[in-house]
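A.B. asks: can't give you the sequence, but here's the structure:
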């Protein structure tokens, strides 16, 4: 590894301020910058060669003791500072497995030498705390690949002082194929696209956004109608990136998309015909369809599946009665359009019988205080606190102390058996309550992750205090997390992706859009249907999936729809509805669709599991799969689910043949049912030729339906 040199020596900065060199403010940044505290080096779980430091320097006190006191202090030499092991080894004056890290006479070397010479002071960790990190430029719009720009990073400390830490900061790019950043903060653009430069220094992180817009001869922005605030912010970014949005989706494409997205089912041929025949202005008639779908019972069924995934509604964790009671509570909340903040408060504060108070089932799948905290933050804030359990979060501001302070809100949580089979009771215990820090066993008081200015911790009502803080309009993450999650359901990707990993090092693709939607959601008092209405009534949502010459390579700025494979339940139910039959399953009411199944125990191991139905073992969106595999393709070709539905003697084809429908009517009906469009001229001619051949007419119609159900036009929502 080549030697690292400072642009501004830390010792010189300390001297200029009239202060001695200290470990916490001057030496610790050197250990972090040179990689001594990294995972492959002394920051690993077991350290290296008997010397262990905290990972990325999250615990300066531990690191100070390891250097100054361990092994009788032999790692530094008071009388001959230059003979200290912490200088001899990284300078390769003694064998060092980590290779050269400090060059004798370099600014880093001299800073450490001066620190030892002055008595190896630890320093004041309070005044040396970095409160903010300012990186300039915060945004770099590069005109071409190969452009460069030097970052400048300034740290502000708790005592009000500032320091240029450009050389000591640690840099990385979240998309190094688009733009890379060197160890001194020099940005180099590589190709068209967007990237975020992540800048870390002493537990703080900030982001600088880089956008490379190459010259696009012939491009001219064409004014596009704005339906609402969504379009305003999407268009603004597209114009800046020299991208033109696609045209609107056709009426048939829109109707199929909105039906699957709002109620999880395809439109019936009669509904499609009526919509296509409606001569009302396009925007108005589409908005009218949205309003009708929002009050359909299937809307509740479809969205209950999503919330049941997130809240892990399964017999394995809740028992038979628990599944039905918890799912019914979810359905009632959706049917009544319960405000989102109220819904979450009821979950977090639930106590008592899991049968009589269904939200208490939330704690049947979380159970332990740490799991309850991690699930709460990931699900409702989009924050993954699990990384901070053993050490400060490596990619975010959250600390190990904050992890246990937040867990303390669930420290009194307890569960016991109830009077009925599978019933449990959630209550607060008073003995052996509380959360202790694993390092020194100290009792951790409950503290919020950050201040929102209006909530206080009430010791006698810890979960109520947490719920108030969590759902506060001033909490910058609560509303943003659900807005981002719902957006992903309609576009296949979040404005922040993954949707449950919101952090400074994972910035949104369109911050202005996310902020505007979040503000509108708060203005609407946490109304989920209102949020859905805003999203789907935007022109952005209604764009076609076919790209144009200016947006063909865009997959992150919502310039055209991205085809999404139907979810397992959607695919299962669509197959049966297109075939004109109802599925048959045990343990559920007769003719129940898959979207009505209460949990994954129904039809286990079959079609639904093959196509990615989650087991509901976690609250992560990643558990549901919408990939495409060879096994799935073979099942669609030869599996019993499709074969039995198509050939059902009471199905669509059998009824049409018996009613005397013509070949043309049969073909058109199949296309309308499966693809939400009439056949194109060439398709109609080909289908009629095949249907006109000698042999069984019903079998030929079944072949046609089978072929269409295996097409991308059916398998994808686009």
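C.D. replies: Arrived safely, thanks for sending. Keep in mind the model is a prediction, meaning the values are calculated, not measured.

A.B. asks: how about low-confidence regions in this protein?
C.D. replies: Low-confidence regions of the chain, defined here as pLDDT under 70, cover residues 1-18, 72-73, 392-395.

A.B. asks: So which bits of stretch 354-366 are buried?
C.D. replies: When burial is assessed from 16 or more other CB atoms under 10 Å, stretch 354-366 yields the following buried residues: 354, 355, 357, 358, 359, 360, 361, 362, 363, 364, 365, 366. (Glycine included, C-beta is placed from N, CA and C.)

A.B. asks: Which SSE is immediately downstream of the helix or strand hosting residue 346?
C.D. replies: When secondary structure is defined using DSSP states H and E, the element that contains residue 346 is helix 340-348. In the C-terminal direction, the helix or strand that comes right after helix 340-348 (DSSP H and E) is strand 352-353.

A.B. asks: circling back to that earlier point, identify the farthest-apart pair in the buried residues of stretch 354-366.
C.D. replies: Between all members of the buried residues of stretch 354-366, the longest pairwise span (CB to CB) is found for 355 and 366 and amounts to 18.0 Å.

A.B. asks: and the closest residue to residue 709 other than its chain neighbours, which of the three is it?
C.D. replies: Counting by CB to CB, 6 or more residues apart in numbering, residue 642 is the residue found nearest to residue 709 once chain neighbours are left out, at 5.8 Å. The three-state label for residue 642, taken from DSSP: H, G, I helix; E, B strand; the rest coil, comes out as helix.

A.B. asks: got a list of what residue 642 touches?
C.D. replies: Applying CB atoms under 8 Å, 6 or more residues apart in numbering, we find residue 642 in contact with 575, 636, 706, 709.

A.B. asks: Please verify my assumption that residue 416 contacts residue 428.
C.D. replies: No. Under the criterion of CB atoms under 8 Å, residue 416 makes no contact with residue 428, lying 11.6 Å away.

A.B. asks: Show me which of these two is the more surrounded one.
C.D. replies: When neighbours are counted by other CB atoms under 10 Å, residue 428 comes out ahead of the other of residue 416 and residue 428, with 15 against 10.

A.B. asks: hey, what's that one bridged with?
C.D. replies: Here residue 428 sits in beta bridges with residue 413, as judged by DSSP bridges.

A.B. asks: For it, which residues are in contact?
C.D. replies: Shown in contact with residue 428 (CB under 8 Å, 6+ apart): 351, 412, 413, 414.

A.B. asks: And these, which is closest to residue 236?
C.D. replies: Of all these, the one sitting nearest residue 236 is residue 413; the distance, using CB to CB, is 46.0 Å.

A.B. asks: Correct me if wrong: that closest one contacts residue 370.
C.D. replies: No. The criterion here is CB under 8 Å, and residue 413 misses it with residue 370 at 10.5 Å.

A.B. asks: ok, these two, which is more surrounded?
C.D. replies: Neighbours around residue 413 and residue 370, counted as other CB under 10 Å, are more numerous at residue 413. The numbers are 22 against 18.

A.B. asks: State the distance from the more buried one to residue 435.
C.D. replies: Taking CB to CB, to the nearest Å as the measure, residue 413 and residue 435 are separated by 10 Å.

A.B. asks: what does residue 118 give?
C.D. replies: In this structure, residue 118 and residue 435 are separated by 40 Å, where distance is defined by CB to CB.

A.B. asks: So which of these two has more stuff around it?
C.D. replies: Neighbour totals were compared for residue 118 and residue 435, and residue 435 leads with 23 against 14 (other CB under 10 Å).
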